[in-house]
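Undergrad: quick one, fold the following:
(chains A and B)
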Amino acid sequence: MTATFIFGLLIALMLTGMPISIALGLTVLTFLFTMTQVPIESVALKLFTGIENFEIMAIPFFILAGNFLTHGGVARRMIAFATSMIGHWYGGLGLAGVMACALFAAVSGSSPATVVAIGSIIMPAMVRQGFPKRFGAGVIATSGALGILIPPSIVMVIYSVATGGSIALDPEGKRVLSASVGQLFMAGVVPGLILASMLGATTFYRAWKNDYPRMPKASWAERFTAFRRSVWGLLLIVIVLGGIYTGIFTPTEAAAMSAVYAFVIAVFVYRDMTLKDVPRVLLGSANMSAMILYIVTNAVLFSFLMTSEQIPQAMTNWITTSGLSWIEFLLFVNLLLLMAGNVMEPSSIVLITAPILFPVAVRLGINPVHLGILMTVNMEVGLCHPPVGLNLYVASGIARMGITELTIAVWPWLLTMLIFLVLVTYIPEMSLWLPRLLGML
Amino acid sequence: MLLRLLDRFEEILIASLMAAATLLIFVAVVHRYGTGIPFLYPYLHPIHLSWAQELCIYMFVWMAKFGAAYGVRTGIHVGVDVLVNQLKNPARKWVVLFSLFCGALFTAVVGTMGLKFVIELAQTDQVSADLELPRWIVFSCVPAGSYLMCFRFLQVAWHYFWTGELPHHEEGHVEGVEVELPSERGAR
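TA: Take a look at the predicted model:
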């Protein structure tokens, strides 16, 4: 009853088009003032302490780093490197675009940023070479989604934070802690590479069938030059992943280091921007971060309300007594998240659903890391289809194509992604193998 | 005039908090590893940066509260607008105004709750763990930021009521990337 009321009100408020953060907050307030004895003071305290958490601070740092990196230079050199490596295969620039997206995803934590950085350079080039516009837009809009699967990833940080405080018991009744940001990052590597290969294979096949233009084969000397030029950007992958894995940095510190590093290469090494541009980048990043942190604050309030009403526990009990297996449960999770992906953007979905799904999943014996990767892949799919797929909007802005046309353009790759989603869902080892090998699980 | 000052203040505040927090953590990490180098040890050892994490968190919380207000002005707080966009104009206008007023209402309530909380805290002598700042100063960003955000919501609503325009954040636009348009270039 309470759950129905809470979710009914939340959905009703959201449908008026108000910001999701406000809808979450108002739901909590309405409930507090009318139906419960939870002291208001504890809520006021939560407003501040909700984001008083060093892990969350990785988000603004990764956003800042990403905004410095989108300033052209890094992306352009990564594209040149990718083109020299695989541009002579079927798919040419399109295939190189997939690889460049994967490389850029390894330094950026956001999908739309990856689409912009790679797409704004490679899409016009592809059209100039004689690729149909649809093909280029389809490749980049979907490959850009790798941004949140290949670490670093803002969505993974949010998942880790959203489930951090939950009390979850495994089938034997032992308490299971949530996945750490480091574990999730490592777990994202293998699925990320597999998805990149699958998207590449689709590109290859379509280009081979339609006989799209290819690039001349680059010599090893050219490849080495392209590699040397892009090495500053590629080093960032080593800094972030290596730093977190060896324990030199915490994920938040790695994010801060990568922001400073990205600033240095954008301004002093590649000189894509001058010091005069820096305040604008700072302001834009602060704007974006504040928006996400504001949703986080209100989502913390919301999950505090749910916990105090014992909704996750009730859900867990209901599902365990109904005898649902983990296979059916994950199917349900996928459908739920794909549906949510139709109307909301990733950080809000993860913040709202993760605290509820997490205890249930753990009770059914699903590894928290596996659930995190699965949710991330679902978010990727949501980013690539209408009505709110952010990647589509970004790509349509770059390619000057209507959303409807773009929706048709992405379908071969979207289908590939859905197949990949099934693989990730039912082969937990795909996500768990690397962190286990590295002794992080 | 006063409004423009407020706008500028808001922008400068959040941009510098962002820069300061990044530099702070960078320095703290460099310091931590610098201390491990025997040559630098005597210089770096006496400097304590154990408070860096706490200060970074507070700076980002402040940035988040004031940045959220700035975000109302730039229209970055997105919602589920699928349904609203289907509506025809008089109805749409009222729904949008309703949602803006909900925003103002929520932030006003939160601001007042925060204000009461801060006033109570000011009478105690609680300090933060590492920096030993009075807690009420640290927490005062909640009422200040929320009231500012409330003001921004009303401002946007007022503007929307008269002109029918909402601030809109361009998702496809990322600073510094000039999008080359093949079609336009072809036409030129």
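
Undergrad: who touches the helix or strand encompassing residue A:254?
TA: Using DSSP states H and E, residue A:254 maps to helix A:251-264. With contacts defined as C-beta atoms under 8 Å, 6 or more residues apart in numbering or on different chains, helix A:251-264 is touched by A:54-55, A:57-59, A:61-62, A:64-66, A:68-69, A:74, A:107, A:152, A:157, A:181-182, A:185, A:236, A:239-240, A:243-244, A:249, A:278, B:21-23, B:25-26, B:28-29. The C-beta positions use only the backbone N, C-alpha and C, and glycine is treated the same way.

Undergrad: now, of those, which are buried?
TA: A:54-55, A:57-59, A:61-62, A:64-66, A:68-69, A:74, A:107, A:152, A:157, A:181-182, A:185, A:236, A:239-240, A:243-244, A:249, A:278, B:21-22, B:25-26, B:28-29 (16 or more other C-beta atoms under 10 Å in any protein chain shown).

Undergrad: so for the helix holding residue A:254, mean pLDDT?
TA: Summarised as a single mean, pLDDT over helix A:251-264 is 92.

Undergrad: hmm, the helix or strand following it in reach of chain B?
TA: Toward the C-terminus, helix A:251-264 is succeeded by helix A:278-308 as the next helix or strand (DSSP H and E). Yes. Interface with chain B: helix A:278-308 contributes A:278-291, A:293-294, A:297 (C-beta under 8 Å from any C-beta of the partner chain).

Undergrad: circling back to that earlier point, what angle sits between the helix holding residue A:254 and helix A:278-308?
TA: 160 degrees (axes from the mean of the first three to the mean of the last three C-alpha atoms, to 10 degrees).

Undergrad: send me helix A:251-264 as CSV with only the CA atoms.
TA: Below are the C-alpha coordinates for helix A:251-264, written out as CSV (Å, rounded to 0.1, in the frame of the first residue of the first chain):
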residue,chain,number,x,y,z
PRO,A,251,38.9,6.0,-7.6
THR,A,252,38.2,9.6,-6.6
GLU,A,253,41.8,10.5,-6.5
ALA,A,254,42.3,8.9,-9.8
ALA,A,255,39.5,11.0,-11.2
ALA,A,256,41.1,14.2,-9.8
MET,A,257,44.4,13.2,-11.2
SER,A,258,42.9,12.6,-14.6
ALA,A,259,41.2,16.0,-14.5
VAL,A,260,44.5,17.7,-13.8
TYR,A,261,46.2,15.6,-16.4
ALA,A,262,43.5,16.3,-19.0
PHE,A,263,43.9,20.0,-18.3
VAL,A,264,47.6,19.8,-18.8
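
Undergrad: now that helix, how far from the chain's geometric center?
TA: 18 Å (C-alpha atoms, centre = their mean, to the nearest Å).

Undergrad: ok, and for that helix, which residues are buried?
TA: Along helix A:251-264, these residues count as buried under the neighbour rule (16+ other C-beta under 10 Å): A:251-263.

Undergrad: and for stretch B:77-90?
TA: Under 16+ other C-beta under 10 Å, the buried positions of stretch B:77-90 are B:77, B:78, B:79, B:80, B:81, B:84.

Undergrad: which of these come close to chain A?
TA: Answer for the buried residues of stretch B:77-90 near chain A (C-beta under 8 Å from any C-beta): B:77, B:78, B:79, B:80, B:81, B:84.

Undergrad: strands - which of those residues land there?
TA: Counting by DSSP state E, no part of these is found in strands.

Undergrad: which helix or strand in chain A has the lowest average pLDDT?
TA: In chain A, no helix or strand scores lower on mean pLDDT, DSSP states H and E than helix A:40-49, which sits at a mean of 73.

Undergrad: can I get the helix or strand following that helix as CSV, trimmed to CA atoms?
TA: Using DSSP H and E, the helix or strand that follows helix A:40-49 in sequence is helix A:58-69. Extracted C-alpha coordinates of helix A:58-69, given in CSV (Å, rounded to 0.1, in the frame of the first residue of the first chain):
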residue,chain,number,x,y,z
ALA,A,58,34.6,11.1,-8.4
ILE,A,59,31.6,12.2,-10.5
PRO,A,60,32.5,15.9,-10.8
PHE,A,61,36.2,15.1,-11.3
PHE,A,62,35.4,12.6,-14.2
ILE,A,63,33.0,15.2,-15.7
LEU,A,64,35.7,17.8,-15.6
ALA,A,65,38.3,15.5,-17.1
GLY,A,66,35.9,14.5,-19.8
ASN,A,67,35.2,18.1,-20.7
PHE,A,68,38.9,18.9,-21.1
LEU,A,69,39.3,15.8,-23.2
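
Undergrad: sweet, I'm off.
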